[in-house]
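Visitor: Predicted model and sequence below, questions to follow.
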4 protein chains.
Amino acid sequence: MNKEESEIARKRKAQILDAAAECFRVRGFHRSSMARISEAAEMSSGHIYHYFKSKEDIVAAIVERDRSEISVLQSAAAANPGQDVMDLFIDQLSHAVSIHKDLKRASLTIEILAEAARNPAIAAVVHRNDAEFHTALQELVGDDSRETRSRLEIVAALLAGLSVRALRNPKLEEDLDFDMLKRVVRFIHSV
Amino acid sequence: MNKEESEIARKRKAQILDAAAECFRVRGFHRSSMARISEAAEMSSGHIYHYFKSKEDIVAAIVERDRSEISVLQSAAAANPGQDVMDLFIDQLSHAVSIHKDLKRASLTIEILAEAARNPAIAAVVHRNDAEFHTALQELVGDDSRETRSRLEIVAALLAGLSVRALRNPKLEEDLDFDMLKRVVRFIHSV
Amino acid sequence: MNKEESEIARKRKAQILDAAAECFRVRGFHRSSMARISEAAEMSSGHIYHYFKSKEDIVAAIVERDRSEISVLQSAAAANPGQDVMDLFIDQLSHAVSIHKDLKRASLTIEILAEAARNPAIAAVVHRNDAEFHTALQELVGDDSRETRSRLEIVAALLAGLSVRALRNPKLEEDLDFDMLKRVVRFIHSV
Amino acid sequence: MNKEESEIARKRKAQILDAAAECFRVRGFHRSSMARISEAAEMSSGHIYHYFKSKEDIVAAIVERDRSEISVLQSAAAANPGQDVMDLFIDQLSHAVSIHKDLKRASLTIEILAEAARNPAIAAVVHRNDAEFHTALQELVGDDSRETRSRLEIVAALLAGLSVRALRNPKLEEDLDFDMLKRVVRFIHSV
DNA sequence: TATGAATGAGTCTTCATTCAT
DNA sequence: TATGAATGAAGACTCATTCAT
């Protein structure tokens, strides 16, 4: 029975987080009222408080859930043992780039970042997520030298920067030459 | 007389914008109440509405004012006629990088971007600023080929991405190798 | 269960409308703050917004509710089939007159009218109420000739005018001869 | 010099009262800000306070100025000595009726009445105006019997009621038969 | 006489959160 | 587990009024 409740609980939590994430994406945290979130989650606002103790808690949970996807790279690495991880990454670059350029994703990412910039609790989750991501990457690469860390930072900046550019320049798509970008990433790998 | 009034108005507006920008930097738009802003501006909240018709108007004015600084590059180009602008830029890269890594600046930038993602009025100002910046750059470079535009986008993404990385990774400073970054920018120039 | 909720809602709405009407009567719309209304309604101001989406909405609801009472006449007509409705009306004239002379009622009526003169939403409700009232009257009278409509208008003007006179002349009571008024109404009936 | 100032003062006061009356007509007292009135009066808001000590003072002055027009009747009586004043009045009834049906005039009248209903200072002016008007009428009629007073009250109610009807029934024009109204007034005279 | 900068109390409204059921 | 009634603090904004110039 305990388990059944847990099932429902997990389902309800996901329901809430999905609804809240969508609200936050569209309107931002501060313009997304609990009333609206509860409506989107098809659940009374009061009931949301059975699963999350505050609105901030929901934000934190969404940030927690919203880790960068590293699993694709991990399975690619498992399928191609011995091959350079960076090469595998470059093979999938097109995918990563299109994800980062996506305005919907960028909106939520930037919103989370803006919140992290003022809210220590959220900042903590963001920092932890980032640290875990980098740890996983370094394990994959099998190297933790300053050089490797710097390379990863530069590539990460480049990708994150695409989200910023997408929001700032509506014509990014036609201005950006993907092949040039690929050559740059390859250069970062070899530098 | 008309001019003197204008002087006062200009002074008061600047007073308000400075105070508001500082508030927004520290707390973000939505947590900065007009009461707090008016306190910071040393002016009654009612009086602020003589100069700005709404809080959103203040945000827009700050975004408007917060254009990227291209003048440094412009004067450098004027002082070194004939020299490649990208080389001049690379000479000043250290400055640009430290600006973008600065957490205070990054916070306001991201806050503005988050607002632009939901608020069409703010988005319009952001887009216009970006377009003007790029126009100025292209005039400086004297070239508007797809290649040049793409190069500018990639460099812009890299720099903007540093702000994101600074917010996500508190240890960015020690992880990032500035010389490597410089080599990458140089490569982008030559690619 | 749905019905019970409706019961509460209806009760609360009535509570709000009663309190608001009393406030409006005493102080007028613009001097009756939501804070005061909520106090009179023994309910938090925030809660009022669960039932009415704005202050104007409350005003509209009060106007809606404040239709002229025609039911007395209707039941009298039902009880005296075949008798001339105007005669029945004249029998009850004393009642109608004292209602219209009542300063409290007159105050709210005039307040509503003043609001209707500026506010199209309120004007619409007022016009609709009046149209419905006249339709009901005409059905009762069983006649919709120009003559009948004119007679009704003149009687209506006379009664409404008593409210105005009551507000303008504090001594109306002693100046007005009710029997003379009755003869006038009878004349209007026969003219 | 004192006299010249007085001239200017009188002119400025009229300027203010005209502007304010128009504002009040269109928007009502409470929605007409001093800023708007000063704009309409082509004068700074601060300067208005040289002539009126408060907004309420302006309202009172407008009410004061807005007495019913009895002069037409007075000059008609002077030109036709010996003739029954009520007959003269009936000759001019069409004029009086169209004035009272006029929506613009009705709006301001009702607004003033609504204000008088809450505001003792305004009520006092309204009552005084009405008393003076009736005194003048009685002098004209040369009779102050209860009967005459009652007749005057009933006619006054009828006319005032037309303003109310005009606001309530947009089709008053086509519903009301002026000749019937005239017969009624004549009856009131003879009753 | 004339301006309009400046104030700050007061307004309507929103919203996260609690709690009885 | 689930509802939604209820609260009240906080927010943006307005406005009559004052005052230095």
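Guide: Cool, got the structure.

Visitor: from here on, contacts and neighbour counts on C-alpha atoms
Guide: Noted.

Visitor: pLDDT averaged over stretch A:62-78 - what is it?
Guide: Averaged over stretch A:62-78, pLDDT sits at 84.

Visitor: And A:Ala20, how far from A:Ile37?
Guide: 5 Å (C-alpha to C-alpha, to the nearest Å).

Visitor: out of those two, which sits in the busier spot?
Guide: A:Ala20 (27 against 24; other C-alpha atoms under 10 Å in any protein chain shown).

Visitor: quick one, what contacts that one?
Guide: For A:Ala20, the contact set (C-alpha atoms under 8 Å, 6 or more residues apart in numbering or on different chains) comprises A:Ser32, A:Ile37, A:Ala40, A:Ala41, A:Ile58.

Visitor: tell me which element the last one falls in.
Guide: Secondary-structure element containing A:Ile58, defined by DSSP states H and E: helix A:55-65.

Visitor: Wondering if that helix reaches DNA strand E at all.
Guide: Yes: legend: contact between helix A:55-65 and DNA strand E by C-alpha under 7 Å from any atom of the strand is shown at A:Lys55, A:Glu56.

Visitor: so is A:Arg31 in a helix, a strand, or just coil?
Guide: coil (DSSP: H, G, I helix; E, B strand; the rest coil).

Visitor: so what's it closest to, chain neighbours aside?
Guide: Distances taken as C-alpha to C-alpha, 6 or more residues apart in numbering or on different chains place A:Phe24 nearest to A:Arg31, at 7.9 Å, with adjacent residues excluded.

Visitor: I'd guessed the one you found sits against A:Leu108; true?
Guide: Yes: between A:Phe24 and A:Leu108 there is a contact under C-alpha atoms under 8 Å: 6.8 Å.

Visitor: The helix holding A:Ile58 packs against which elements?
Guide: Where contact means 3 or more C-alpha pairs under 8 Å, 6 or more residues apart in numbering or on different chains; DSSP states H and E, helix A:55-65 is packed against helix A:2-27, helix A:120-141.

Visitor: mind listing what A:Leu93 touches?
Guide: So A:Leu93 contacts A:Lys182 (C-alpha under 8 Å, 6+ apart).

Visitor: For stretch A:136-152, measure first residue to last.
Guide: 12 Å.

Visitor: wait, does stretch A:18-36 contact DNA strand E?
Guide: Yes: applying C-alpha under 7 Å from any atom of the strand, one finds stretch A:18-36 touching DNA strand E at A:His30, A:Arg31, A:Ser32, A:Ser33, A:Met34, A:Ala35.

Visitor: Could I get the average pLDDT for that stretch?
Guide: Here stretch A:18-36 scores 97 as its mean pLDDT.

Visitor: Give me the domain ranges for chain A.
Guide: What automatic domain parsing lists as the domains of chain A is A:2-63, A:66-190.

Visitor: Wondering if the shortest one reaches DNA strand F at all.
Guide: So the one you mean is domain A:2-63. Yes: Domain A:2-63 is in contact with DNA strand F by C-alpha under 7 Å from any atom of the strand, via A:5-6, A:8-9, A:12, A:42-48, A:50.

Visitor: Now do stretch A:134-147: distance from first to last residue.
Guide: Stretch A:134-147: ends 14 Å apart by C-alpha to C-alpha.

Visitor: Now, of the residues of stretch A:18-36 next to DNA strand E, which are buried?
Guide: For the residues of stretch A:18-36 next to DNA strand E, a neighbour count by 16 or more other C-alpha atoms under 10 Å in any protein chain shown gives the buried set as A:Ser32, A:Ser33, A:Met34.

Visitor: now those in CSV, with distance to D:Phe187?
Guide: Converted to CSV, these look like this (distance: C-alpha to C-alpha, whole Å):
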residue, distance to D:Phe187
A:Ser32, 68
A:Ser33, 67
A:Met34, 68
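
Visitor: Other residues contacting the helix holding A:Ile58?
Guide: Helix A:55-65 is contacted by residues A:Leu17, A:Ala20, A:Ala21, A:Phe29, A:Met34, A:Phe52, A:Ile112, A:Ala121, A:Ile122, A:Val125, A:Val126, A:Asn129 when judged by C-alpha under 8 Å, 6+ apart.

Visitor: was I right about the last one contacting A:Arg67?
Guide: I take that to be A:Asn129. Yes: using C-alpha under 8 Å, A:Asn129 is in contact with A:Arg67, at 6.2 Å.

Visitor: Between those two, which is the more surrounded one?
Guide: A direct count of neighbours by other C-alpha under 10 Å for A:Asn129 and A:Arg67 places A:Asn129 higher, at 20 against 14.

Visitor: On the pLDDT front, check the more buried one for me.
Guide: A:Asn129 is assigned a predicted lDDT (pLDDT) of 95.

Visitor: gap between it and chain D?
Guide: 54 Å (C-alpha to the nearest C-alpha, to the nearest Å).

Visitor: what about that residue, distance to A:Val155?
Guide: Taken as C-alpha to C-alpha, the span from A:Asn129 to A:Val155 is 17 Å.

Visitor: Could I get the buried residue list for the helix or strand where A:Val97 lies?
Guide: Applying DSSP H and E as the criterion places A:Val97 in helix A:93-101. Using 16+ other C-alpha under 10 Å as the test for burial, helix A:93-101 gives A:Leu93, A:Val97, A:Ile99, A:His100, A:Lys101.

Visitor: what would those look like in CSV with distance to DNA strand E and pLDDT?
Guide: CSV is the format used below for the buried residues of helix A:93-101 (distance: C-alpha to the nearest atom of the strand, whole Å; pLDDT from 0 to 100):
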residue, distance to DNA strand E, pLDDT
A:Leu93, 38, 94
A:Val97, 33, 96
A:Ile99, 29, 95
A:His100, 28, 96
A:Lys101, 29, 97
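
Visitor: Could you export the residues you listed as JSON lines, including distance to DNA strand F?
Guide: As requested, these are exported to JSON lines (distance: C-alpha to the nearest atom of the strand, whole Å):
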{"residue": "A:Leu93", "distance to DNA strand F": "41"}
{"residue": "A:Val97", "distance to DNA strand F": "37"}
{"residue": "A:Ile99", "distance to DNA strand F": "34"}
{"residue": "A:His100", "distance to DNA strand F": "32"}
{"residue": "A:Lys101", "distance to DNA strand F": "31"}
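
Visitor: out of the residues you listed, which one sits closest to A:Leu167?
Guide: Taking C-alpha to C-alpha as the measure, A:Leu167 lies nearest A:Lys101 of those, at 8.5 Å.

Visitor: list the contacts for the closest residue to the closest one other than its chain neighbours?
Guide: Nearest non-adjacent residue to A:Lys101, counting by C-alpha to C-alpha, 6+ apart: A:Ser163, 5.1 Å away. By C-alpha under 8 Å, 6+ apart, the contact set of A:Ser163 is A:His100, A:Lys101, A:Asp102, A:Leu103, A:Ala106.

Visitor: buried set for the one helix or strand A:Ser163 maps to?
Guide: In the assignment (DSSP H and E), A:Ser163 maps to helix A:146-168. Buried residues in helix A:146-168, counted by 16+ other C-alpha under 10 Å: A:148-168.

Visitor: Report the inter-axis angle for it versus helix B:146-168.
Guide: 110 degrees (axes from the mean of the first three to the mean of the last three C-alpha atoms, to 10 degrees).

Visitor: what's the angle between helix A:146-168 and helix A:120-141?
Guide: Angle of helix A:146-168 versus helix A:120-141, following the same axes, to 10 degrees, is 130 degrees.

Visitor: Let me see the mean pLDDT of helix A:146-168.
Guide: Averaged across helix A:146-168, the pLDDT comes to 96.

Visitor: Tell me the helix or strand right after it.
Guide: Next along the chain after helix A:146-168, taking DSSP H and E as the criterion, comes helix A:172-175.

Visitor: Average pLDDT for that following helix, rounded please.
Guide: On average, helix A:172-175 scores 96.

Visitor: do stretch A:181-191 as well
Guide: For stretch A:181-191, the mean per-residue pLDDT is 94.

Visitor: any residue of it up close to chain B?
Guide: Yes: using C-alpha under 8 Å from any C-alpha of the partner chain, stretch A:181-191 reaches chain B at A:Leu181, A:Arg183, A:Val184, A:Phe187, A:Ile188, A:Val191.

Visitor: Nice, that's everything, thank you.
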